[in-house]
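Q: Give the three-dimensional model of this entry:
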Amino acid sequence: MAALLDALPQGCTVLKLRGTGATSKGAVAIGQALKNKRKFEEKIKVLDISKNKWGNEGVAPFMDFVSHSSCLRTLNIAETGASAEGLPLF
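A: Next comes the predicted model:
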């Protein structure tokens, strides 16, 4: 997954993963890859992971990325099955 993120255009500011069909395990891998690629914290302005039935397990790694992002303006986690009670606060 990290290799796929490296292949994204350098100026990538919008990352839409809406309704991918990935499992929550896949979501964890994507979220961790984003976290490990610190260059995205200064670039991605829009992150859409909506319509993926990942629950808190799959969404939580993205919240870690969000908490370190310096320019994220829009986050869409609608219809993911995640709940505020189960996600880490930042």
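
Q: separation between the residue nearest the centre of the chain and Ile77?
A: Nearest to the mean C-alpha position of the chain, counting by Cα atoms, centre = their mean, stands Phe62 at 3.8 Å. Applying Cβ to Cβ, to the nearest Å, the value for Phe62 to Ile77 is 8 Å. All C-beta spots, glycine's among them, are computed from the backbone N, C-alpha and C.

Q: Residues in contact with both of those two, list them for me.
A: Ile49 (Cβ atoms under 8 Å, 6 or more residues apart in numbering).

Q: In three-state terms, label the residue nearest to the centre of the chain for me.
A: Secondary structure for Phe62, judged by DSSP: H, G, I helix; E, B strand; the rest coil, is helix.

Q: isn't it right up against Leu47?
A: Yes: assessed by Cβ atoms under 8 Å, Phe62 is found in contact with Leu47 at 6.9 Å.

Q: shaky segments in this structure?
A: Across the chain, the ranges flagged by pLDDT under 70 are 1-3, 9-11, 88-90.

Q: do that again at 90, thanks
A: Residue ranges of the chain with pLDDT under 90: 1-12, 26, 29-43, 61, 63-70, 83-90.

Q: could you pull out the strands for it?
A: 14-16, 46-48, 74-76 (DSSP state E).

Q: With Gly55 as the reference, name the closest of those strands.
A: Gly55 lies closest to strand 74-76 among the strands of the chain, at 16.0 Å (Cβ to Cβ).

Q: Mind listing the strands that closest one pairs with, and their directions?
A: Sheet pairing for strand 74-76, assigned by DSSP bridges, gives strand 46-48 (parallel).

Q: How far does the partner strand sit from its chain's centre?
A: Relative to the centre of its chain, strand 46-48 is centred 7 Å away, using Cα atoms, centre = their mean, to the nearest Å.

Q: Equivalent analysis for stretch 14-29, please.
A: With Cα atoms, centre = their mean as the basis, stretch 14-29 stands 8 Å off its chain's centre.

Q: ok, residues contacting that stretch?
A: Here stretch 14-29 makes contact (Cβ under 8 Å, 6+ apart) with 1, 8, 30, 40, 44-55, 57-62, 76.
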